[in-house]
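Q: structure, please.
(chains A and B)
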Amino acid sequence: GAGVSQTPSNKVTEKGKYVELRCDPISGHTALYWYRQSLGQGPEFLIYFQGTGAADDSGLPNDRFFAVRPEGSVSTLKIQRTERGDSAVYLCASSSRTAGTDTQYFGPGTRLTVL
Amino acid sequence: GESVGLHLPTLSVQEGDNSIINCAYSNSASDYFIWYKQESGKGPQFIIDIRSNMDKRQGQRVTVLLNKTVKHLSLQIAATQPGDSAVYFCAEAKYGNKLVFGAGTILRVKS
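A: Below is the predicted model of the structure:
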């Protein structure tokens, strides 16, 4: 498809478990962003990749959260020892960073529920 | 689908009327502003953006106005349609960096 895709669309896990959330950006987009959205709120920034490297990880709430983008395309957000407060929709966005435009295009999100 | 907007302001308009959604941003250093539309169960959808060197930008049926003096952004939707019903978010950024989103406004279009 032409847009950002995210898998799984829904993930239910138990407190203490490990989860991985995947993002496939728009082909050719060098910048990739992860956001988290809680019910009734706007998305909140987690981490931003430019190519393979994390350019800004200031939004990661603690060291249980980690993200990688080893080949500069697909990214995986990893959450260790999940807590009930991690329940949210995790959104991924990508942008092309070409001159004059930096529009971030979002995927449909992964709804994470921690029981 | 997700029940968003439990505590968000709501704008109700009649189909065919014009809608104006307002947003106050916080960082005077922001130089890039964007409006997104989010329908229940979906990711934010880009509507229109504006750089800080402009005060107005028009798209198809939408206009964004930027007032840097009072740090205010607005989205005008002409001839509002039922399909425009959604939650609308403004976002600010230093160009090329993370987006900081506002609280959101629910737009309800009455037929």
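Q: just checking, A:Thr110 touches A:Tyr90?
A: Yes: here A:Thr110 lies in contact with A:Tyr90, judged by C-beta atoms under 8 Å, at a distance of 4.8 Å. Where you see a C-beta, it was placed from the backbone N, CA and C, and this is true even at glycine.
Q: between these two, what contacts are shared?
A: Between them, A:Thr110 and A:Tyr90 share the neighbouring residues A:Gln6, A:Leu21, with contact defined by C-beta atoms under 8 Å, 6 or more residues apart in numbering or on different chains.
Q: B:Gly83 in helix, strand or coil?
A: The local conformation at B:Gly83, judged by DSSP: H, G, I helix; E, B strand; the rest coil, is helix.
Q: check which helix or strand covers the residue nearest to it when sequence neighbours are not counted.
A: Beyond its immediate neighbours in the sequence, the residue positioned closest to B:Gly83 (C-beta to C-beta, 6 or more residues apart in numbering or on different chains) is B:Val109, lying 8.0 Å away. The secondary structure element spanning B:Val109 is strand B:105-110 (assigned by DSSP states H and E).
Q: so what strands line up beside that strand?
A: Strand B:105-110 has the following strand partners under DSSP bridges: strand B:10-14 (parallel), strand B:86-93 (antiparallel).
Q: make TSV from those and add mean pLDDT to it.
A: Formatted as TSV, the entries for the strands paired with strand B:105-110 read as follows, by pLDDT from 0 to 100:
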stretch	mean pLDDT
strand B:10-14	96
strand B:86-93	96
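Q: and chain A, which residues reach chain B?
A: A:4, A:31, A:33, A:35, A:39-45, A:48, A:56, A:59, A:89, A:91, A:97, A:102-109, A:111 (C-beta under 8 Å from any C-beta of the partner chain).
Q: make a PyMOL selection of the buried ones in those.
A: The following PyMOL line selects those of the residues of chain A next to chain B that are buried, judged by 16 or more other C-beta atoms under 10 Å in any protein chain shown:
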select buried, chain A and resi 4+31+33+35+41+42+43+44+45+48+59+89+91+102+104+105+106+107+108+109+111
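Q: list the residues that contact the closest residue to chain A within chain B.
A: Among residues of chain B, the one nearest chain A by C-beta to the nearest C-beta turns out to be B:Phe101. It sits 3.1 Å away. Contacts were defined as C-beta under 8 Å, 6+ apart; by that measure B:Phe101 touches A:Gly42, A:Pro43, A:Glu44, B:Tyr36, B:Phe89, B:Cys90, B:Ala91.
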